[in-house]
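Trainee: give me a model of this one.
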Amino acid sequence: MGGVPSNMLKHLKEECSNISEELHNPEVIKLLKMKRSSYNFSSRKWISTEILDQVHKEVDCEIQKFVAEAKFLTLSESGWTNISKQNMVKFIITNEKWQSQI
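Mentor: Next up is the predicted model:
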C-alpha cells in the first residue's frame, strides 16, 4: 500500500477549508468571542498546510502499521452527497480483529 490516496488528502483539505470559512464568519467570531474573549482563530493557510500535512504523515504511518500487522483486510467504501451538494467518499479498512482505520 503506497500511502493515503491523494483524493482522500484533497477531500480533507477541502473540509478543513470549509470549516475555516465558517470560523471566519464575522457573526460566528462575535458569538465565540462572547463565550471566550481571549480566543484567537488560526488562519486557513496554517491549518491547511502545516497542520494538515503533519496530520497526514501521522495518519499515513498509523495506516501503514495497521496494514503491515494484519493477517487480512477488508476495504469498505461509502459515498453520498452532503447538504452542500459535495460528493463524499469514505473508506474504512477493517482487520481480522474487527479493528478499523478510516
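
Trainee: where do the strands sit along this protein?
Mentor: 73-81, 87-95, 100-101 (DSSP state E).

Trainee: name the surrounding residues that touch the last one.
Mentor: Among residues not part of strand 100-101, those counted as contacts by CB atoms under 8 Å, 6 or more residues apart in numbering are 62-63, 66, 92-94. All C-beta spots, glycine's among them, are computed from the backbone N, C-alpha and C.

Trainee: one more time with 6 Å
Mentor: 63, 66, 92-94 (CB atoms under 6 Å, 6 or more residues apart in numbering).

Trainee: in its sheet, what does it sit against?
Mentor: strand 87-95 (antiparallel) (DSSP bridges).

Trainee: so what touches the strand it pairs with?
Mentor: Strand 87-95 is contacted by residues 70, 73-82, 100-102 when judged by CB under 6 Å, 6+ apart.

Trainee: what subset of those is buried?
Mentor: Burial by neighbour count, 16 or more other CB atoms under 10 Å: within the contacts of strand 87-95 this picks out 70, 101.

Trainee: picking up where we left off before, wait, which of the strands of the chain is closest to residue 32?
Mentor: Residue 32 sits nearest to strand 87-95 of all these, at 26.5 Å, using CB to CB.

Trainee: what mean pLDDT does the closest one get?
Mentor: Taken as a whole, strand 87-95 carries a mean pLDDT of 89.

Trainee: now that strand: buried residues?
Mentor: Applying a neighbour-count criterion of 16+ other CB under 10 Å, one finds 93-95 buried in strand 87-95.

Trainee: which one of the residues you listed is nearest residue 31?
Mentor: For these, the closest approach to residue 31 (CB to CB) belongs to residue 93, at 38.4 Å.

Trainee: what's the closest non-adjacent residue to that closest one?
Mentor: residue 101 (4.8 Å; CB to CB, 6 or more residues apart in numbering).

Trainee: do you know how far the one you found is from residue 80?
Mentor: 20 Å (CB to CB, to the nearest Å).

Trainee: equivalent analysis for residue 58, please.
Mentor: Applying CB to CB, the value for residue 58 to residue 80 is 27 Å.

Trainee: tally of neighbours for residue 48?
Mentor: 19 (other CB atoms under 10 Å).
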